[in-house]
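Q: Sequence first, predicted model second:
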There are 2 protein chains.
Amino acid sequence: MRPDLRTAIATVCLSGTLDDKLTAAAEAGFDGIELFENDLLADRRGPAEIRQRCADLGLSIDLYQPFRDFEAVPPDVLAANLRRAEQKFDVMAELGVDTVLVCSSVSPEAIDDDDLAAEQLHLLATRAGERGLRIAYEALAWGRYVNGYEHAWRIVRRAGHPSLGVCLDSFHILSKGDDPRAIRAIPGEKIFFLQLADAPTLPMDVLPWSRHHRLFPGQGDFDLTTFTRDVLDAGYRGPLSLEVFNDVFRQSDPHRAAVDAMRSLVGLQDSLRLLDVPAAPVPTGYAFAEVVGESDLAVLGFTRTGVHRSKPVELWTQGEARVLVNAEGEPGAIGALGVSVPDPAAAARRAKVLLAPPLARKAGPGEAPLTAIAAPDGTEIFLCADDDWLGDFVPTGESAPEAGITGIDHVALTQPFDNFDEAGLFYRSVLGLEPGVTAEFAAPFGLVRGRGVSGGGVRLTLDCALVRRGGWAPAVEEPQHIAFTCADAVACAETLRQLGARLLEIPGNYYDDLLARTKLSADRVDALRQNSVLYDRDEFGEYLHFYTELAGARVFFEVVERIGGYRGFGVVNAPVRMAAHHEARRFARA
Amino acid sequence: MRPDLRTAIATVCLSGTLDDKLTAAAEAGFDGIELFENDLLADRRGPAEIRQRCADLGLSIDLYQPFRDFEAVPPDVLAANLRRAEQKFDVMAELGVDTVLVCSSVSPEAIDDDDLAAEQLHLLATRAGERGLRIAYEALAWGRYVNGYEHAWRIVRRAGHPSLGVCLDSFHILSKGDDPRAIRAIPGEKIFFLQLADAPTLPMDVLPWSRHHRLFPGQGDFDLTTFTRDVLDAGYRGPLSLEVFNDVFRQSDPHRAAVDAMRSLVGLQDSLRLLDVPAAPVPTGYAFAEVVGESDLAVLGFTRTGVHRSKPVELWTQGEARVLVNAEGEPGAIGALGVSVPDPAAAARRAKVLLAPPLARKAGPGEAPLTAIAAPDGTEIFLCADDDWLGDFVPTGESAPEAGITGIDHVALTQPFDNFDEAGLFYRSVLGLEPGVTAEFAAPFGLVRGRGVSGGGVRLTLDCALVRRGGWAPAVEEPQHIAFTCADAVACAETLRQLGARLLEIPGNYYDDLLARTKLSADRVDALRQNSVLYDRDEFGEYLHFYTELAGARVFFEVVERIGGYRGFGVVNAPVRMAAHHEARRFARA
């Protein structure tokens, strides 16, 4: 952190009671909070006790928010609003917070009159100033008359009171497509507060978009780096404060969410080059992927080439693909991924600054000292240099003919619902993998949301079931899988079937449709059909891929052939694959 | 059902594999289905086998859908589209379905030329007609050039081919606010298909609204009755078919969802006066509410006035409020509600037609033969006449001074997530209770969606947690409760506290805010504060209410004073109540 930049988080970002939120914010290392009024109202402690609690936790209260529908009203409403404000000033004094957020009015009682707004805000600022308090006026994107930050600033400038400034909220500005460059024209000392929120681009009205779908910086589509630079260049020196209304974060573990939030601010500062931290590594590829429990890799043409010196782990290889089979841990899951990075020590330092949870590793004598961190879904990520770690395995001397698999194309990890956006930011900020577009599709048992994250030679896909599932839906509808590369999917499928691999059978109806909707020849479609190879294409190329049946509870394998520069993961075929896996399981049970 | 009106449901409405969907549709009594293409593609059976399966289940396949992006394209695209169509015609022939849905094009290749569209649709209809098939052309609300039903009809009329007609979809028409009256000008025989869907009014683009938030008729804000009447008056005699894309239904038990769907069509026909079924009863009030397990009602001023003749059930009364305490069943829940209806036998007949699950009841000798049905959340609903059922209880002769409670105001039932919309339709169609506006609010552990349903003397509130909750959130955040009426909430709270009732303590911060934002006098607010009575108002009146702490695992009580014509349920105060209950539980455990 740059020493002159403090961090804060609005209590509304987090789930639970006020004390749950305060504890989580403090543990994640925030310097301060914005106190959301409803969190105060629902708390059994009085303002003075809350002040003390924050002090005990090392948290300042940087903003009291929000105060609504104040300005540009008829005289009788003004009197009631001033009375309301005075009571809030009392509360603020007890809390020890000096700034209150006043949102631009949405009230039908408001009048479209900037002079009146400025006059009444001047009056409010005078009352506040007498008590050593400050008014931060913010344009809501859906304000009745004032809904742009430049408009709010014109009113603040017109009012001309030292206790009146603006609050800038990235969502309200960027959601409307307003140009943030004009922020540089606002004197830094008149920017009383800065609220940061990212968001995905969504086809809905701005109010529900804001209230339900904000994200932490780096998780959405907004350019928070440029925005924040504009604000800092204007001379703002208050806290970088997060105000993120998000339906998922509202109900997920606040300790996790607060760390996710802090990671977003560290990442933002890194993007502004404010931190002394090694750059994000560009992984050159997968060193390995580890499957827990038994896995019959021989039928996929893999050879058991090594046995770990001190752990119950086997190394299976084929081409550049290396799979570890770990006898310890939850069977039938992908337990760990090794990514090759140019400088593991630098990558580990970056991971630490980015709050990646470190995993304790015991390296035996002479074994490679690998750094491991935990991804949000619990997968262990090893930061590997070259192939040093291979020395930990005693060669078996075994060999077998290969079956055409040449490497690892991607790994698909099902994500816990609460951690989907956290995971995107984690891989982006810690490992420098860039998240792709988030897409949703209808799977047989409900919606699935997914996206790829990729960079260098590493690709991951992250999926989660979007709507909660009750007893009806199968417990595991989207198991994890490792996708291998090959040069010829049809030939590879034939070979693997001869080796005894149980490949997933794809319905004939799929191929009838493929013949109808593509320009593939009848012979080509027949070859795909005979081998249950699926097909996709994008503007860059084509994708041929096939699957194994489930090996264990949660894992299967895919083999893919990328033709041309195809960039996707065959998501269009996922529902067909899921239905086939479901039927195969049902068949296996029957 | 009117004999000439068949019912159908699109497979896309339901969750699971195709066979899950077919079984559910057949069991719920549908006559036919619309086969959604993706359901076919993912099925391992060929079209002929699926045809046989449907026949075995007594289902016709009434529509194959959708065929996209056909019309008004350049010649080379037309050739490919015709080739694609011919293959689908092959599939349809095998399936034994004679009508295919062709959606208006969204393709960038399409040309804005109605003559060309008509010419190419004529060509497609000629090909279809030669095989005894029909083309039902539908305007998608987001079609590139054709996005209104009148426009689609103009093109169909211009094409002038007997195998070409329109498909009318209520969502595409009503979502855009198009007037359905012009449907009457379309000859009935040219309306090849009718798709029905309701929807809530939502502030989002029409495409995601359509793909995620459609509802069954009677569950949303559209006037399906008028719409369907217009279509029937035009002379349409095809099936009433449901096409509902809904994120929740997509993942919930298809057997439940199919019954819900069929109930919506029965309700729709009832609203059109096409059925010979007793009108919805207007309940005159609550006969009783039943709590399972122990409950200390004495401290609320209730008297144990009766003991059931044959069951371990006690009757507690105060004023007009009657609470049964049932020693059998899952403790700490509201097990049953008795509603007084003018004609229980007629209400029972209606309930049966509306597919309300009947509950077997054993009445002892001389006991009232009550009809009971199961609400979607499992609550038993008894249809009671007058007070006959009171004869089942042997009077105890006990008496105690009353504490001011005068009756039952409402009962609040937490709903399973999957059944929220089903519940609204159930109470509306079976009992004639009208659902109010659905509202969402931020509770301490996540979003809650809720609404009231009311009619006659009965009010219910139905809530559910909107986003799934992980391990972090308390298992029960919104327990059920019974709200009693009183004439003076402050006095009643004082009395109950003296009787030893454990009333829920409301934070002082709440009252400071109340003083600031309302015109209530300081004395009035002090009286509320002293007694932990909460306050709300609407345009009709005021609402004073207080709560008990939790009595058992899932139940608490509320006492309310309605002043003037206040219509709500104090939802604005729910987060404060929830936080207080949470703190009280935490305190009790500590």
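A: Done, it's in. Not measured: the values here are computed from a predicted model. Numbers count the residues shown, from 1 in each chain, chains lettered A, B, ... in the order given.
Q: Going by C-alpha atoms from here, please, whenever you check contacts or count neighbours.
A: Will do.
Q: If I look at residue A:590, what pLDDT would I see?
A: Per-residue confidence (pLDDT) for residue A:590: 59.
Q: Check residue A:533 too.
A: Reading off the model, residue A:533 has pLDDT 98.
Q: Number of residues surrounding the residue nearest to it when sequence neighbours are not counted?
A: Leaving aside its chain neighbours, residue A:533 sits nearest to residue A:546 (4.7 Å; criterion: C-alpha to C-alpha, 6 or more residues apart in numbering or on different chains). Other residues near residue A:546 come to 25 when the count uses other C-alpha atoms under 10 Å in any protein chain shown.
Q: What separation do you get for residue A:546 and chain B?
A: Using C-alpha to the nearest C-alpha, to the nearest Å, we find residue A:546 at a distance of 15 Å from chain B.
Q: helix/strand/coil for that residue?
A: strand (DSSP: H, G, I helix; E, B strand; the rest coil).
Q: so it bridges to which residues?
A: Residue A:546 forms beta bridges with residue A:559, as assigned by DSSP bridges.
Q: That one contacts residue A:569, doesn't it?
A: No - using C-alpha atoms under 8 Å, residue A:546 is not in contact with residue A:569; the gap is 11.7 Å.
Q: For burial, what's the neighbour tally of residue A:434?
A: 17.
Q: quick one: contacts for it?
A: Residues near residue A:434 by C-alpha atoms under 8 Å, 6 or more residues apart in numbering or on different chains: A:427-428, A:453-455.
Q: what pLDDT does residue A:489 get?
A: Residue A:489 carries a pLDDT value of 98.
Q: Who are the contact partners of it?
A: Contacts of residue A:489 by C-alpha under 8 Å, 6+ apart are A:533, A:544-546, A:559-561.
Q: Could you pull up phi and psi at residue A:398?
A: Main-chain torsions, residue A:398, degrees, to the nearest 10: phi -70, psi 150.
Q: How about residue A:534: what's its closest non-neighbour residue?
A: Closest to residue A:534 by C-alpha to C-alpha, 6+ apart is residue A:545, at 5.2 Å.
Q: burial of the one you found, as a residue count?
A: By other C-alpha under 10 Å, 26 other residues sit near residue A:545.
Q: tell me which parts of the stretch 451-590 of chain A are close to chain B?
A: By C-alpha under 8 Å from any C-alpha of the partner chain, the residues of the stretch 451-590 of chain A that approach chain B are A:467-473, A:506-510, A:512-513, A:516-517, A:575-577, A:579-580.
Q: Which of those residues are buried, as a ChimeraX select command?
A: The ChimeraX selection below is limited to those of those classed as buried (16 or more other C-alpha atoms under 10 Å in any protein chain shown):
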select /A:467,468,469,473,506,507,508,509,510,512,513,516,575,576,577,579,580
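Q: Among the residues of the stretch 451-590 of chain A next to chain B, which are located in helices?
A: Under the assignment DSSP state H, these contribute A:508-510, A:512-513, A:516-517, A:575-577, A:579-580 to helices.
Q: Which residues of the stretch 51-200 of chain A lie near chain B?
A: Residues of the stretch 51-200 of chain A lying near chain B (C-alpha under 8 Å from any C-alpha): A:83-85, A:87-88.
Q: quick one, phi/psi of residue A:339?
A: Dihedral pair for residue A:339: phi -110, psi 130, per degrees, to the nearest 10.
Q: Ok, the one 3 residues further on next?
A: The phi and psi values for residue A:342, taken as degrees, to the nearest 10, are phi -60, psi -40.
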